[in-house]
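> pasting the sequence and the predicted coordinates here, then a few questions.
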Amino acid sequence: MPQTPISAPQADILPAPVDLLVIGGGINGCGIARDAVGRGYSVVLAEQGDLAGATSSASTKLFHGGLRYLEYFEFRLVREALIEREVLLRAMPHISWPMRFVLPYHPDMRFEGATPTSRLLGMFMPWMRGRRPAWLIRLGLFLYDSLGGRKILPGTATLHLPGTAEGAPLQERFERAYEYSDCWVEDSRLVVLNARDAQARGATILTRSRVSAAQAKGGLWEVTLETAEGPKTLRARMLVNAAGPWVGAMIHGTLRLNARDKVRLVRGSHIVTRRLYDHDKCYFFQGTDGRIIFAIPYESDFTLIGTTDADHADPDTPPRCTDAERDYLCEFASQYFKRPVTADDVVWSYSGVRPLYDDGARSATAATRDYVLKTDQSAGAPVLHVFGGKITTYRRLAESALARIGAVLPVHNGNWTAGVPLPGGDFPVDGVAALTEDLRRRYPFLDAFWARRLIRAYGTEAPAILGEARSPADLGQDFGATLHEAEVRWLITQEFARTAEDILWRRSKLGLRLTAPQATELARWMASEVSA
């Protein structure tokens with residue numbers, strides 16, 4: 001293998017003014033950058049850390065309509081998300097796939113009554129106060145099946161739990177459940193693939209480049225970036241403030257604007273345990289506090305449980321799953337599973353901050369998950385602020401953002417991203433098994449886990465990583481858990497990775513499998529091999 005230092009794909013800053021500077025390398029920023037450059041805009045994206053380094057790698061990792069949002073009457077958001085599920089499945093079948101969700105039901109279950117639906121039910125049917133009757137759940141699932149015009153995903157079914165795989169891990173009091181469809185997505189890989197496609201179409205992607213100052217001069221934004229090589233300046237005709245948790249700090253601090261719009265930071269925490277059950281379906285659990293959590297098959301050998309909702313004061317304070325949140329999730333899940341879930345079962349936890357639009361909701365749970373876009377030209381040059389949003393609707397958010405941008409900087413090209421595959425996703429929705437089998441035929445040294453992991457991460461690009469290898473030794477240094485030097489070099493040169501954390505917890509979740517000495521060796525190797 002070559003031993004010369006590796007450079008990540010960081011292009012020089014363009015000397016001439018660009019049309020758009022997108023601030024923030026999460027899913028919204030990368031989605032907007034990809035859409036914009038595909039329409040003919042010149043685009044630079046600046047991210048202060050790693051791509052998906054904050055909220056976009058800390059989600060529950062679902063493409064879903066948001067079943068519980070129906071209780072808040074957010075029908076437009078739910079319908080848009082439901083339609084998008086299948087659009088996105090077709091564009092990224094390697095990193096997203098259908099999943100069945102099991103919602104256990106018991107007639108004695110009681111629920112918090114603060115949602116609009118609960119209040120309405122209590123007003124007209126006061127004897128139902130505190131209940132979520134079976135007919136109401138079935139009505140919600142009927143709407144969920146109908147609003148999005150399903151073509152790929154199967155509809156709702158009723159399950160009789162005793163004697164079934166779905167019922168086996170649950171307490172015996174649960175005899176009935178409803179099963180419906182949503183989808184899984186590898187959230188941080190989704191972000192990186194959008195950035196890669198944006199770059200392939202002509203955008204400049206700058207990671208580890210913090211916007212430290214911006215001033216409007218002569219109708220243009222003059223922006224200072226703090227990089228590893230020192231401060232750099234560029235000019236842009238328009239800014240897109242997609243800074244996620246820092247969107248408010250960007251408005252009132254860096255840009256010094258007097259906008260009244262505010263962001264509400266809501267922390268969501270998750271725990272990962274050893275595998276709690278033996279099938280591949282997800283559980284949707286309803287709590288008496290009005291919250292819901294999911295228990296999801298995760299990385300073959302684990303179960304993901306989340307999420308919480310708690311207000312978070314400062315975007316610069318790194319979010320973490322507190323002991324109280326961990327215990328809450330364990331106790332919540334233990335109300336359903338036969339075997340109680342305890343802190344000893346937890347092998348990892350993570351937390352992210354959702355930058356929601358502050359709509360004045362009483363609780364973090366009730367705050368809107370819909371996205372809000374605001375255009376501001378008060379400084380003498382235009383900026384678009386992006387609040388909120390869901391991973392499921394990121395592509396539609398980008399289209400809405402480009403409509404706003406087009407009103408200021410017109411171009412002739414319109415919407416184009418629907419159905420256009422992301423890198424590695426140019427194969428059928430049901431083609432993962434065939435692609436995996438083909439990879440094992442071409443590379444017989446791959447075991448089933450290794451081959452499937454590569455296809456689920458890279459799709460049709462997996463052979464480009466393996467090259468002419470005839471054995472694992474041909475892939476260079478073995479870092480453990482099927483991660484070799486050839487793959488690490490790909491992640492550096494093609495996917496903007498700069499540190500071991502980028503690779504182990506965002507480009508993959510191999511951090512769950514590598515030992516501490518192995519992770520240390522990867523970090524040492526990257527520090528010596530990657531050029532600044």
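Sure thing, it's come through. Fair warning: this is a prediction, and the values are worked out from it, not measured in the lab.

> what residues are up against the closest residue in space to residue 401 that isn't next to it in sequence?
Spatial nearest neighbour of residue 401, chain neighbours left out: residue 32 (5.0 Å); criterion: CB to CB, 6 or more residues apart in numbering. For glycine as for every other residue, the C-beta is placed from the backbone atoms N, C-alpha and C. Neighbouring residues of residue 32 by CB atoms under 8 Å, 6 or more residues apart in numbering: 22, 240, 242, 386, 397, 398, 401, 402.

> repeat that for residue 341.
Here residue 341 is in contact with 273, 276, 305, 329, 330, 333, 334 (criterion: CB under 8 Å, 6+ apart).

> what's the distance between it and residue 143?
31 Å (CB to CB, to the nearest Å).

> longest helix in this protein, by residue count?
helix 75-91 (DSSP state H).

> got the buried residues for it?
77-86, 88-91 (16 or more other CB atoms under 10 Å).

> need the residues that contact the helix or strand just after that helix.
Proceeding N to C from helix 75-91, the next assigned helix or strand is strand 96-105, under DSSP states H and E. Under the criterion CB under 8 Å, 6+ apart, residues 62-63, 88-89, 134, 137, 141, 152-154, 159, 161, 166, 170, 174, 176-186, 190, 280-286, 294, 296, 336, 432 lie in contact with strand 96-105.

> give me the subset of those lying in strands.
62-63, 159, 176-185, 282-286, 294, 296 (DSSP state E).

> as CSV, the buried residues of helix 75-91 with distance to residue 216 and pLDDT would be great.
Below are the buried residues of helix 75-91 laid out as CSV (distance: CB to CB, whole Å; pLDDT from 0 to 100):
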residue, distance to residue 216, pLDDT
77, 33, 79
78, 38, 82
79, 38, 84
80, 33, 85
81, 36, 84
82, 40, 86
83, 38, 87
84, 35, 91
85, 40, 90
86, 42, 90
88, 36, 93
89, 42, 93
90, 41, 94
91, 37, 96
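
> nearest to residue 378, of those residues?
residue 77 (28.7 Å; CB to CB).

> which residues touch the residue nearest to that closest one when sequence neighbours are not counted?
If the residues on either side of it in the chain are set aside, residue 77 comes closest to residue 370, at 4.6 Å by CB to CB, 6+ apart. Residues counted as contacts of residue 370 (CB under 8 Å, 6+ apart) are 74, 76, 77, 357, 388, 389.

> farthest-separated two in those residues?
76 and 357 (14.5 Å).

> which pLDDT value belongs to residue 16?
Looking at residue 16, its pLDDT reads 84.

> look up how far residue 42 lies from it.
Remark: distance between residue 16 and residue 42 (CB to CB) = 8 Å.

> quick one, which of these two is more surrounded?
residue 42 (18 against 7; other CB atoms under 10 Å).

> re earlier: of the contacts of residue 370, which is the nearest to residue 460?
residue 389 (28.7 Å).

> wasn't the closest one part of a strand?
No: Residue 389 is assigned coil when assessed by DSSP: H, G, I helix; E, B strand; the rest coil, not a strand.

> on that earlier part again, could you tell me which of the contacts of strand 96-105 count as buried?
If we count by 16+ other CB under 10 Å, the contacts of strand 96-105 have these buried: 62-63, 88-89, 137, 141, 153, 159, 161, 166, 170, 174, 176-186, 190, 281-286, 294, 296, 336, 432.

> by neighbour count, which of the contacts of residue 341 wins?
residue 305 (28 neighbours).

> quick one: contacts for that one?
270-273, 293-296, 329-330, 332-333, 341.

> repeat that for 7 Å
Contacts of residue 305 were listed using CB atoms under 7 Å, 6 or more residues apart in numbering, and they are 270, 271, 273, 293, 295, 329, 333.

> circling back: just send the buried residues of helix 75-91 back as CSV, with distance to residue 416 too.
Shown next, in CSV, are those (distance: CB to CB, whole Å):
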residue, distance to residue 416
77, 23
78, 25
79, 22
80, 18
81, 21
82, 22
83, 17
84, 16
85, 20
86, 18
88, 15
89, 18
90, 15
91, 12
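
> how about residue 92, phi and psi?
With angles defined as degrees, to the nearest 10, residue 92 sits at phi -150, psi 60.

> look up the closest residue to it, ignoring the ones flanking it.
residue 425 (4.4 Å).

> tell me which helix or strand the one you found sits in.
Counting by DSSP H and E, residue 425 is part of no helix or strand.

> how many neighbours does it have?
Count around residue 425 with other CB under 10 Å applied: 23.

> I figured it was touching residue 90, is that so?
No: with contact defined as CB atoms under 7 Å, residue 425 does not reach residue 90; the gap is 8.3 Å.

> where do the helices of this structure begin and end?
Remark: helices assigned in the chain by DSSP H are 27-38, 75-91, 116-124, 134-147, 187-200, 247-249, 323-334, 394-408, 432-442, 448-458, 462-466, 485-495, 500-501, 516-529.

> most tightly surrounded among those helices?
Ranked by average neighbour count under the criterion mean count of other CB atoms under 10 Å, the helices of the chain are headed by helix 27-38 at a mean of 29.

> residue 377: how many residues sit nearby?
Using other CB under 10 Å, residue 377 has 12 neighbouring residues.
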